[in-house]
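Undergrad: the following block contains a protein sequence and its predicted model.
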Amino acid sequence: DEVRMWVFEETLPTGEKLSESINQAHENCKYLPGIKLGTNVIADPDLESAVKDADMLVFVTPHQFVEGICKKLVGKLRPGVEAISLIKGMEVKMEGPCMISKLITDTLGINCCVLMGANIANEIAVEKFSEATIGYREDKEAANRWAKLFTTPYFLVAIVEDIEGVELCGTLKNVVAIAAGLVDGLDMGNNTKAAIMRIGLREMRAFSKLLFPSVRDNTFFESCGVADLITTCLGGRNRRVAEAFARNGGKRSFDELEAEMLHGQKLQGVSTAREVYEVLTYHGWQELFPLLSTVHEICIGQLPPTSIVEYRLAEGQS
Ligand code: NAD
Ligand code: 13P
């Protein structure tokens with residue numbers, strides 16, 4: 001009946017606190033203006049109080065903040081609480097890459113499904129039809145409970161027993177979207193962008209399977225796979241900022257453009273490209289993943305934006 005929404009508190013230009021403004025207007029005037037939230041959604045700037053009585057937890061923040069949030073939640077949750085993560089990203093640790101759902105499970109000792117898909121927030125908020133994929137490990141009943149909770153006539157949810165595949169699709173497509181934005185900024189046209197998306201999808205699948213051999217091919221045909229790749233390469237923020245980066249010839253950094261263009265929202269693709277690159281370097285896999293590697297090297301200014309179409313596939317790759 002009541003949805004407590006933890007809000008990272010900030011002061012608006014009017015001097016009002018964001019959480020107070022949301023509770024008065026039932027609208028998030030900074031991050032989702034013009035959309036009325038249900039009156040049962042209560043913004044709460046206190047993390048501990050937000051989760052105190054919760055039996056279902058939905059994690060959705062930029063991925064760089066999750067670890068800190070989870071540490072604060074240790075020992076604060078009700079027994080038996082279930083979680084789902086909508087977060088597209090991963091953490092790279094000394095012992096290797098760690099998906100966000102695993103970080104949540106390991107830190108808090110709770111089951112955590114994932115929900116990914118072709119889900120640009122503003123479009124869902126105005127109830128335009130879309131689909132999503134829930135990934136789960138073993139506990140199908142939990143996945144079904146989440147699917148029931150999220151499904152509406154305009155939001156169709158499928159469940160797939162391939163948590164790593166679903167989460168890696170959502171995570172890696174943000175890097176491909178940076179590549180798509182670069183080719184847009186270079187005015188290269190539709191054939192080039194389609195080629196980037198195809199090569200990107202192939203690298204997403206190969207990278208996922210190298211990390212987790214259990215990842216299934218079919219997952220890439222779900223909403224979390226090819227559909228999310230398409231929508232993000234056409235209409236996402238990663239694409240938009242990367243286009244501006246290329247139009248500026250790489251002379252203005254992603255950080256600068258993110259701050260100027262997104263007004264507090266966060267890009268996931270640039271940090272994910274760095275994280276993927278760390279994994280590729282560690283294993284000596286860069287040559288197998290020319291697109292994923294090149295995106296990172298362009299983001300850090302080591303290569304010019306034009307390099308996005310200058311790499312060559314390794315022998316035997318298609
Ligand atoms: P965002 O990129 O709009 O970032 C802004 C949010 O980050 C705000 O809620 C802000 O309060 C919060 N924030 C800022 N500083 C913070 C801090 N120090 N600690 C905690 N939170 C802080 O966020 P988003 O679009 O909601 O993305 C969250 C996740 O959802 C990402 O992994 C993203 O890939 C995924 N996602 C987003 C969309 C979309 O269309 N926006 C769609 C699908 C999935
Ligand atoms: P962007 O973060 O690039 O806007 O992508 C949103 C998204 O994940 C759509 O499914």
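TA: That came through, no problem. Ligands and ions are numbered 1, 2, ... in the order given.
Undergrad: any weak-confidence spans in this protein?
TA: 311-318 (pLDDT under 70).
Undergrad: so which residue of it comes closest to ligand 2?
TA: Of all residues in the chain, the one sitting closest to ligand 2 is residue 236 (2.6 Å; Cβ to the nearest ligand atom). For every residue, glycine as well, the C-beta is placed using N, CA and C.
Undergrad: any idea which helix or strand carries the closest residue to that residue other than its chain neighbours?
TA: Closest residue to residue 236 apart from its sequence neighbours, by Cβ to Cβ, 6 or more residues apart in numbering: residue 177 at 5.2 Å. Secondary structure assigned from DSSP states H and E places residue 177 in helix 163-185.
Undergrad: so how far is ligand 1 from the residue nearest to residue 236?
TA: 10 Å (Cβ to the nearest ligand atom, to the nearest Å).
Undergrad: same check, this time on residue 93
TA: As judged by Cβ to the nearest ligand atom, residue 93 and ligand 1 stand 18 Å apart.
Undergrad: contacting residues around residue 52?
TA: 76, 78 (Cβ atoms under 8 Å, 6 or more residues apart in numbering).
Undergrad: now residue 135
TA: For residue 135, the contacting residues are 101, 113-116, 143, 159-167, 219, 224, by Cβ under 8 Å, 6+ apart.
Undergrad: try it again at 7 Å.
TA: Residues counted as contacts of residue 135 (Cβ atoms under 7 Å, 6 or more residues apart in numbering) are 113-114, 160, 162-163, 165-167.
Undergrad: likewise residue 55?
TA: Contact analysis of residue 55 by Cβ under 7 Å, 6+ apart lists 78, 81.
Undergrad: what do you get if the cut-off is 8 Å, keeping everything else the same?
TA: Residue 55 sits next to 78, 80-82 when contact means Cβ under 8 Å, 6+ apart.
Undergrad: bridged to the closest residue to residue 222 other than its chain neighbours, which residues?
TA: Counting by Cβ to Cβ, 6+ apart, residue 222 lies nearest to residue 133, which is 4.3 Å off, once chain neighbours are set aside. Residue 133 has these beta-bridge partners by DSSP bridges: residue 116, residue 158.
Undergrad: so which bits of stretch 270-285 are buried?
TA: Under the neighbour-count criterion of 16 or more other Cβ atoms under 10 Å, stretch 270-285 has 270-273, 275-277, 279-280, 285 buried.
Undergrad: quick one, the strand or helix carrying residue 295 and helix 163-185 angle?
TA: Residue 295 belongs to helix 290-299 when assigned by DSSP H and E. The directions of helix 290-299 and helix 163-185 differ by 60 degrees, with axes from the mean of the first three to the mean of the last three Cα atoms, to 10 degrees as the criterion.
Undergrad: other SSEs contacting the following helix or strand past the helix holding residue 177?
TA: Sequence order places helix 190-211 as the next helix or strand after helix 163-185, per DSSP H and E. Helix 190-211 sits against helix 163-185, helix 228-235, helix 269-283, helix 290-299, with contacts defined as 3 or more Cβ pairs under 8 Å, 6 or more residues apart in numbering; DSSP states H and E.
Undergrad: check the offset of the helix holding residue 295 from the chain's centre.
TA: Centroid separation for helix 290-299 versus its chain: 18 Å, with Cα atoms, centre = their mean, to the nearest Å.
Undergrad: that helix packs against which elements?
TA: Counting contacts by 3+ Cβ pairs under 8 Å, 6+ apart, helix 290-299 packs against helix 163-185, helix 190-211, helix 269-283.
Undergrad: now do the contacts for the residue of the chain closest to ligand 2.
TA: By Cβ under 8 Å, 6+ apart, the residues touching residue 236 are 120, 174, 177.
Undergrad: and it, what are its phi and psi?
TA: phi -90, psi 170 (degrees, to the nearest 10).
Undergrad: about what we covered before: hey, which of the helices and strands packed on helix 290-299 is tucked in deepest?
TA: Highest mean neighbour count among these (mean count of other Cβ atoms under 10 Å): helix 163-185, with a mean of 29.
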